[in-house]
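Trainee: for reference, the sequence and a predicted model appear below.
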Amino acid sequence: MNKTDIKSMNMEELRAAVTEMGLPSFRAAQIYRWLHKTGAESFDEMTDLSLSLREKIGYNFVIFSSSIEKKLISEYNDTVKYLFRLHDGEFIESVLMKYSYGYTLCVSSQAGCRMGCSFCASALGGFSRNLAASEMLAQIYSAQRDMSIRVSHIVLMGMGEPLDNYENVTRFIELASSEEGLNIGMRNISLSTCGIVPKIYELMKTKPQFTLSVSLHAPNDVLRSEIMPVNKKWGVEELLRACREYAKVTSRRVSFEYAMIDSFNDTPENALELAGRLRGILCHINLIPLNEVREGEYKGSPRDRVDAFARVLSEKGFAVTVRRRLGADINASCGQLRRGNSAAVAGR
Ligand code: SF4
């Protein structure tokens, strides 16, 4: 019998399921609290339910477990990188970052990624499968439990393309922000996409209040197609048209991510071209000194070039930040740890 993934259910669905089993509906709130407030990993932990009730629930439902396979702590800044092993043996990564305003967890949405960006280690490892909402939540619960902290911000910027796993990702956001669960405010959640244009239109219909972050990384099709295959399907102009519309419909600023790659996309001319493209879009630009991928041919731009690039954009009136480079000593770019581990596991 196929059991239902109980941690991916919202309160309404859980109530309906519990009622169908002939149980009073308050049991749903009790179970939901165990799953999402306490982060229970087995029905046995639900000690205020009788043994027979736990057995009955366990007969119909499953709590997918994951375990910490590896944990790296950065010695330079407060960054912890996790490699989790999922119930079916897949590996995924998450990065916990400490900021002045609290802890942010960078969450993976897929095991691997099929988008093939050439500067990214997740692409090198190939695509295995989508993650369920419960498996995204479990990354948060595990990190919280492991470090005895509370995660206050989520960025869907780990391994995988969130809009390529649309249903599960939007459900994950619903559950993570639910009052009965983690209760993380929508304004503290950001979803990063490489630019799956039809899904951006689908998303804007729901008027989400979280931040949409778009990995742009280049001001034109020639450069962008070279590093991001997705650009061959939806070019820069089409993508920016969707972003412009998204900002208008949601009244939320779109955040553009721009990885600064040495001698590739980092000249003042590139900055001017970018400024021209983004003119009139309610947005913020985040410059990211690239974390180098061991196998990749790309290097991060030197700091003075990043600063000069930022200056051009500021002078053109854009809100720009240069992201703090976290965890370079522990391979904090997504996919690097999984790749290392898959090789190790394959060689066992
Ligand atoms: S950068 Fe993001 S979308 Fe591109 S391959 Fe890596 S994980 Fe996938």
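Mentor: Sure, I can see it.
Trainee: can you give me the end-to-end distance of stretch 147-158?
Mentor: 19 Å (Cα to Cα, to the nearest Å).
Trainee: use 655 as the first number from now on
Mentor: OK, 655 is where the count begins now, so the last one is stretch 801-812.
Trainee: list the residues that contact Lys840.
Mentor: Quick fix: residue 840 is Met, not Lys. Counting by Cβ atoms under 8 Å, 6 or more residues apart in numbering, Met840 makes contact with Ile827, Ser831, Pro862, Gln863, Phe864. Where C-beta positions appear, they are placed from N, C-alpha and C, glycine not excepted.
Trainee: what residue ranges in the protein score low on pLDDT?
Mentor: 655, 731, 945-950, 978-1002 (pLDDT under 70).
Trainee: look at Asp742 and tell me its secondary structure.
Mentor: Per DSSP: H, G, I helix; E, B strand; the rest coil, the local secondary structure of Asp742 is coil.
Trainee: quick one: it and Phe781, what's the gap?
Mentor: 15 Å (Cβ to Cβ, to the nearest Å).
Trainee: circling back to that earlier point, inside helices: which ones of the contacts of Met840?
Mentor: Ile827, Ser831 (DSSP state H).
Trainee: for Arg878, give its distance to Leu893.
Mentor: Applying Cβ to Cβ, the value for Arg878 to Leu893 is 9 Å.
Trainee: shared neighbours, those two?
Mentor: Leu870, Asn885.
Trainee: picking that back up, quick one: which of Asp742 and Phe781 has more around it?
Mentor: Between Asp742 and Phe781, counted using other Cβ atoms under 10 Å, the more crowded position is Phe781 (18 against 9).
Trainee: residues in contact with that one?
Mentor: Gln764, Ala765, Gly766, Cys767, Arg768.
Trainee: same thing but at 6 Å, please
Mentor: Contact analysis of Phe781 by Cβ atoms under 6 Å, 6 or more residues apart in numbering lists Gly766, Cys767, Arg768.
Trainee: quick check on those residues: which are buried?
Mentor: Buried subset of the contacts of Phe781 (neighbour count, 16 or more other Cβ atoms under 10 Å): Gly766, Cys767.
Trainee: near the ligand, list only the ones from the contacts of Phe781.
Mentor: Contacts with the ligand within the contacts of Phe781, counted by Cβ under 6 Å from any ligand atom: Cys767.
Trainee: among the contacts of Phe781, which lie within strands?
Mentor: Residues of the contacts of Phe781 located in strands (DSSP state E): Gly766.
Trainee: got the residues of the protein near the ligand?
Mentor: So the chain meets the ligand at Cys767, Met769, Gly770, Cys771, Cys774, Ser776, Ala777, Met813, Gly814, Glu815, Cys848, Cys988 (Cβ under 6 Å from any ligand atom).
Trainee: let me have those in JSON lines, adding secondary structure as columns.
Mentor: Shown next, in JSON lines, are the residues of the chain next to the ligand (three-state DSSP):
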{"residue": "Cys767", "secondary structure": "coil"}
{"residue": "Met769", "secondary structure": "coil"}
{"residue": "Gly770", "secondary structure": "coil"}
{"residue": "Cys771", "secondary structure": "coil"}
{"residue": "Cys774", "secondary structure": "coil"}
{"residue": "Ser776", "secondary structure": "helix"}
{"residue": "Ala777", "secondary structure": "helix"}
{"residue": "Met813", "secondary structure": "coil"}
{"residue": "Gly814", "secondary structure": "coil"}
{"residue": "Glu815", "secondary structure": "coil"}
{"residue": "Cys848", "secondary structure": "coil"}
{"residue": "Cys988", "secondary structure": "coil"}
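Trainee: the stretch 705-854 of the chain: helices as residue ranges?
Mentor: 705-714, 775-778, 787-801, 820-831, 851-858 (DSSP state H, counting those that start in this stretch).
Trainee: which elements pack onto the shortest one?
Mentor: Yep, that's helix 775-778 we're talking about. Other helices and strands packing on helix 775-778, by 3 or more Cβ pairs under 6 Å, 6 or more residues apart in numbering; DSSP states H and E, are helix 990-1000.
Trainee: middle-most residue in the protein, spatially?
Mentor: Leu810 (1.6 Å; Cα atoms, centre = their mean).
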